[in-house]
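Asker: From the sequence below, what's the structure:
(one chain, ligands or ions: 2)
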Amino acid sequence: MFSRPAAGFDKEGAMHREVDTIAAIGTATGEAGISIVRVSGPDSFPLADRVIRCSGLKPSARPGGTFLHGYTVDARGAEADEVLVLILRAPHSYTREDMIEIQGHGGAQSAKRNLRVVLDAGARLAEPGEFTRRAFLNGRLDLVQAEAVLDLIRARSDRAAAAALYQLEGQLSAQLHLLYDDLIAVSADVEATLDFPEDELPEATFKEIDRRLVDAQQRVNSLIETWDEGHLLREGARVVIAGRPNVGKSTLLNALLGRERAIVSAIPGTTRDTIEESISIRGTDAQLIDTAGLREAVDAIESEGIRRARAHLEAADLYLYMIDASADLAEADLVHLRSLAPDRCLLVLNKVDLGRQIARDDLAGFRSVETALLNGTGLNELREAMAEKLQQGMAAHVPPHAVISERHRVLLVKARHEIDRARSILAERGEDGAALASARLQAAIESIGLVTGRSYHEDLLARIFSRFCIGK
Ligand SMILES: Nc1nc2c(ncn2[C@@H]2O[C@H](COP(=O)(O)OP(=O)(O)OP(=O)(O)O)[C@@H](O)[C@H]2O)c(=O)[nH]1
Ligand SMILES: [Mg+2]
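Answerer: Numbers count the residues shown, from 1 in each chain. Ligands and ions are numbered 1, 2, ... in the order given. Sure, this is the predicted structure:
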């Protein structure tokens, strides 16, 4: 486990890693205006002098934050591309190391040729996320901010991008660092009680300590509560279409997607496996999941399909429960409905073109939409209702504000538990429990430290940065 200084170069870290000069293509391949090769490390400027031909001052003599125009050239002096080169001097760069960014022409070939020139001149091809990893190790970003970089790259909606940017700017980090420092202060005060003879210990001390622990717990809690929304922003809402066989579930999937993705037939039990597709409902991203009709399965395959359907139902952010409105309400439907939370459920009363046995009023407590999907009736109304429900799920707060990820949640739940243990120990045993309570608080502090990266281990970094692309 290493500790990372809040800012500046990491001397301890530097002993563990060889700091060489890395390079990678930073832009996506394909036809485009420009492509960028980035280079970072101590040899960036000498390397630039070797591979960039330009008039005037050589690259290494230029001030940081300036561009030069020139050509990349290989060891034999052959030109690879016409380029603009951005000079970034440590610590005023993304990695806090000396960096150059070579902007070449777009398309796959220029970028590859520029990268080859740089690699031939001595740079090493960067690993996924290595630039951001260096930014972290050099104290430019904490771990929460580094993760925000990935969230921003992967953001699938405007909202998700706004939340990632907020996190990148350090707003979530600031709350976590404050919490960390406050817990260290309380823990020190708990330990200080050990130095007092019992009769000299002020009455108010433990009350005051408990008050501060309650406050810390509440702050941890409100962060944990943002997880739901964070997961909606990152993964999109999970919308599950469920109901008895043959009611029109797959027809609905196809209608919402606008293409014939799932097989539709008049034979009950047509869909046997779950089918997942991404859609955007009025600007909100969602995973739409069509499931096998819920009934007593006729064979093992269908039975597995129904098991999967039920598992998806449990993890859904929104259920579209579909009923054939032209037939009588089945007892099985009532049983299923009882197991669903009304605020996360929309009833779709389909096949109203065949007549209505079931009316909206029969199903009070559930919001419902009548449809005849065969001719598209009610589809727009359904989309509106879905958008409303999905947004209700996210509307508790208006971004930008802090939202945590699954990794953060696990660590914060542990921290909450440790603070809770410390409180009960102090409540039960007073100063006799001080040493034990302090150890609990250390564990809580450690957990929060792992969120921000104040403490970290190699496995954790490997797990986080391997999800990045090369060049970031
Ligand atoms: N009349 C009428 N028929 C419909 C409507 N919607 C779907 N159907 C028909 O109902 C039958 C079943 O549709 P599916 O979409 O396959 O039903 P499902 O719920 O996916 O069925 P399983 O996969 O077997 O659970 C098909 O023949 C559809 O054409 C509708 O609004 N009106
Ligand atoms: Mg189906």
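
Asker: Let me know the secondary structure of residue 361.
Answerer: With DSSP: H, G, I helix; E, B strand; the rest coil as the basis, the three-state label of residue 361 is helix.

Asker: per-residue pLDDT, it?
Answerer: Per-residue pLDDT puts residue 361 at 73.

Asker: And it, how far from residue 289?
Answerer: Separation of residue 361 from residue 289 (CB to CB, to the nearest Å) stands at 29 Å. Heads up, the C-betas are built off the backbone N, CA and C, glycines and all.

Asker: Could you do residue 29 as well?
Answerer: In terms of CB to CB, residue 29 sits 32 Å off from residue 289.

Asker: Look at these two and report which has more neighbours.
Answerer: Shown here are residue 29 and residue 289; by other CB atoms under 10 Å, residue 289 has more neighbours (23 against 13).

Asker: who does the strand or helix carrying the more buried one touch, helix- and strand-wise?
Answerer: Taking DSSP states H and E as the definition, residue 289 sits inside strand 284-290. Packed against strand 284-290 by the contact rule (3 or more CB pairs under 8 Å, 6 or more residues apart in numbering; DSSP states H and E) you find strand 237-243, helix 249-257, strand 275-281, helix 379-394.

Asker: let's go with 10 Å and repeat that
Answerer: Judged by 3 or more CB pairs under 10 Å, 6 or more residues apart in numbering; DSSP states H and E, the packing partners of strand 284-290 are helix 158-168, helix 227-235, strand 237-243, helix 249-257, strand 275-281, helix 300-314, strand 318-324, helix 379-394.

Asker: And for residue 417, the neighbour number?
Answerer: Other residues near residue 417 come to 15 when the count uses other CB under 10 Å.

Asker: Show me which residues of the strand or helix carrying it are buried.
Answerer: Applying DSSP H and E as the criterion places residue 417 in helix 406-429. For helix 406-429, burial by neighbour count (16 or more other CB atoms under 10 Å) applies to 407-409, 411-412, 414-416, 418-419, 421-423, 425-426.

Asker: Of those residues, which is the nearest to residue 334?
Answerer: residue 409 (35.2 Å; CB to CB).

Asker: For the closest residue to ligand 1 within the chain, list the residues it contacts.
Answerer: In the chain, the residue that lies nearest ligand 1 is residue 293 (2.7 Å; CB to the nearest ligand atom). Applying CB atoms under 10 Å, 6 or more residues apart in numbering to residue 293 gives the contacts 242-247, 249-250, 268-272, 302, 305-306, 309, 322.

Asker: just residue 295 next, same as before
Answerer: 244, 245, 246, 268, 269, 302, 306, 330, 332 are the contacts of residue 295 under CB under 10 Å, 6+ apart.

Asker: Of the residues you listed, select the buried ones using a ChimeraX command.
Answerer: Buried members of the contacts of residue 295, defined by 16+ other CB under 10 Å, are picked up in ChimeraX with:
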select :244,245,246,269,302,306
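
Asker: Tell me which two in the contacts of residue 295 are the farthest apart.
Answerer: 302 and 330 (17.9 Å).

Asker: how far is the helix holding residue 417 from where the chain is centred?
Answerer: Its chain's C-alpha centre and that of helix 406-429 lie 24 Å apart, by CA atoms, centre = their mean, to the nearest Å.

Asker: what element comes up after that helix heading to the C-terminus?
Answerer: helix 434-452.

Asker: mind saving the C-alpha coords of that following helix as CSV?
Answerer: Provided in CSV are the C-alpha atoms of helix 434-452 (Å, rounded to 0.1, in the frame of the first residue of the first chain):
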residue,chain,number,x,y,z
ALA,A,434,-10.8,4.4,22.9
ALA,A,435,-8.0,2.2,21.4
LEU,A,436,-10.5,-0.1,19.8
ALA,A,437,-12.7,2.7,18.4
SER,A,438,-9.7,4.4,17.1
ALA,A,439,-8.7,1.3,15.1
ARG,A,440,-12.2,1.2,13.7
LEU,A,441,-11.9,4.8,12.6
GLN,A,442,-8.5,4.1,11.0
ALA,A,443,-10.2,1.4,8.9
ALA,A,444,-12.9,3.9,7.9
ILE,A,445,-10.2,6.4,7.0
GLU,A,446,-8.4,3.8,5.0
SER,A,447,-11.5,3.0,3.0
ILE,A,448,-12.1,6.6,2.1
GLY,A,449,-8.4,6.9,1.3
LEU,A,450,-8.8,4.1,-1.2
VAL,A,451,-11.7,6.0,-2.9
THR,A,452,-9.6,9.1,-3.6
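
Asker: between that helix and helix 406-429, how big is the angle?
Answerer: Helix 434-452 and helix 406-429 are oriented at 170 degrees to each other (axes from the mean of the first three to the mean of the last three CA atoms, to 10 degrees).

Asker: what's helix 434-452 packed up against?
Answerer: So helix 434-452, by 3+ CB pairs under 10 Å, 6+ apart, packs with helix 143-154, helix 171-192, helix 204-224, helix 406-429, strand 455-456.

Asker: Dump the ones you listed into CSV; add distance to ligand 1 and mean pLDDT as well.
Answerer: Formatted as CSV, the helices and strands packed on helix 434-452 follow (distance: least, CB to the nearest ligand atom, whole Å; pLDDT from 0 to 100):
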stretch, distance to ligand 1, mean pLDDT
helix 143-154, 32, 92
helix 171-192, 42, 94
helix 204-224, 38, 93
helix 406-429, 32, 95
strand 455-456, 48, 91
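
Asker: Of all the residues in the longest strand seen in the chain, which ones are buried?
Answerer: When the chain is parsed with DSSP state E, its longest strand is strand 79-88. Within strand 79-88, the residues scored as buried using 16+ other CB under 10 Å are 80, 81, 83, 85, 86, 87, 88.

Asker: Just send these back as a markdown table, with pLDDT too.
Answerer: A markdown table is the format used below for those (pLDDT from 0 to 100):
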| residue | pLDDT |
| --- | --- |
| 80 | 96 |
| 81 | 97 |
| 83 | 97 |
| 85 | 98 |
| 86 | 98 |
| 87 | 98 |
| 88 | 98 |
